[in-house]
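> Show me how the following folds:
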Amino acid sequence: MHKNSSQTNYRQQLREKILQTSMAEFMSKGIRAVKMDDIAALLGISKRTLYEIYSNKEELLLEGVKYQEEQYDAHMKSFEKDPSHNVIDIIIEFYNRQIRWLSGVNPLYFSDIHKYDQVMSYFEARDSERKQDKMKFYQRGVREGVFRDDVDYDVLSRILNASIEYVKQSKMYKEYDFTRILNNIIILFIRGVCTYDGIRQFDALLNSRL
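Numbering: from 1, shown residues only. Next up, the predicted model:
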C-alpha cells in the first residue's frame, strides 16, 4: 500500500515538473521550437516515460496552459477574498502579475499557440465561463463607488474582448511589446470607466506598484 502511494506521489510530482519545465521552454523559445525529445532530455527522463504521460505536444501544451490558469485563478481568488482589497487593488494585482508573466514570454509563443485547436477551444470556453464573473466584478466596482454607474458594461466587455482579439490576430505584439499594449488597454478601458475617486486610487496604485 505504501509503495503504491509513493509511486502515485512520484507520478504526480513528475507530471507537475513536466508541465512547469515544458511551459517555461514553450514561453521562452516558442512552442514549435521545442520538441518532446528536448523536454525529456531537460528533465533527465526517457522519451518513453514522457510519452506515457503526455502522448503528444498538443496534449502537453493544453495541460500546461490549464495548469497555469489554475495557478492564476487560485492566486486571484485568494487576493479578491481579502477584505482589505477593493476592485482597484484587484485590477492592479492583475496588471502586475500579467506584466511579470509577459516579461518572460517570447512573441513566438503567441504566434504558435493559435495553431493548436484544442488549446484555442479551451481559451474560448474559459472566456465564455468568465463572462458572468466579469459582470459581477464591474457591478462590485459600481457598488464600491470606483466605477461609473452610467456605463453599459456588457458593451464595454465586448469591445474590450474585440480589442484583445485584434491584438492577437494582427500580431501587434511583434511591433509593440506586450507591456506597452497592456498598459494602454488598462488605462483606456479601466481608467476610462472610473469615478473621480476611482481615478485617484487607480493612478496612485499604478504609479506606486510599477
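
> from here on, contacts and neighbour counts on C-alpha atoms
Fine.

> Spit out the contact partners of residue 138.
By C-alpha atoms under 8 Å, 6 or more residues apart in numbering, the contact set of residue 138 is 147, 153.

> From residue 13, how far out is it?
38 Å (C-alpha to C-alpha, to the nearest Å).

> before we move on, which element is residue 16 in?
helix 2-29 (DSSP states H and E).

> so where is the protein shaky, pLDDT-wise?
For the chain, the stretches flagged by pLDDT under 70 are 1-7, 209-210.

> Residue 15 touches residue 53, doesn't it?
Yes: in terms of C-alpha atoms under 8 Å, residue 15 counts as a neighbour of residue 53; the distance is 7.3 Å.

> ok, the two, which is more surrounded?
residue 15 (18 against 14; other C-alpha atoms under 10 Å).

> ok, now how distant is the more buried one from residue 143?
Residue 15 sits at a distance of 43 Å from residue 143 (criterion: C-alpha to C-alpha).

> ok, back up a step: tell me what angle the next helix or strand after the helix holding residue 16 forms with helix 2-29.
Of the helices and strands lying after helix 2-29 in sequence (DSSP H and E), the nearest is helix 36-43. Per axes from the mean of the first three to the mean of the last three C-alpha atoms, to 10 degrees, the angle that helix 36-43 makes with helix 2-29 is 120 degrees.

> Give me the contacts around helix 36-43.
By C-alpha under 8 Å, 6+ apart, helix 36-43 touches 18, 21, 22, 46, 47, 50, 56, 57.

> moving C-terminal of that helix, what's the next helix or strand?
helix 47-53.

> what's next to whichever strand or helix holds residue 180, contact-wise?
Using DSSP H and E, the element containing residue 180 is helix 178-189. Residues from elsewhere that reach helix 178-189, judged by C-alpha under 8 Å, 6+ apart: 95, 99, 102, 103, 156, 160, 173.

> at 7 Å what do you get?
Residues outside helix 178-189 that contact it (C-alpha atoms under 7 Å, 6 or more residues apart in numbering): 99, 102.

> what's around residue 61, how many residues?
21.

> And it, how far from residue 51?
Counting by C-alpha to C-alpha, the gap from residue 61 to residue 51 is 13 Å.

> Leaving out the residues flanking it, which one is nearest to residue 156?
Using C-alpha to C-alpha, 6 or more residues apart in numbering and skipping the chain neighbours, the partner closest in space to residue 156 is residue 189 (7.9 Å).

> Please report how far the one you found lies from residue 50.
For residue 189, the distance to residue 50 - C-alpha to C-alpha - is 43 Å.

> ok, now residue 91?
38 Å.

> Neighbour count: those two, which is higher?
residue 50 (20 against 17).

> contacting residues around that one?
residue 40.
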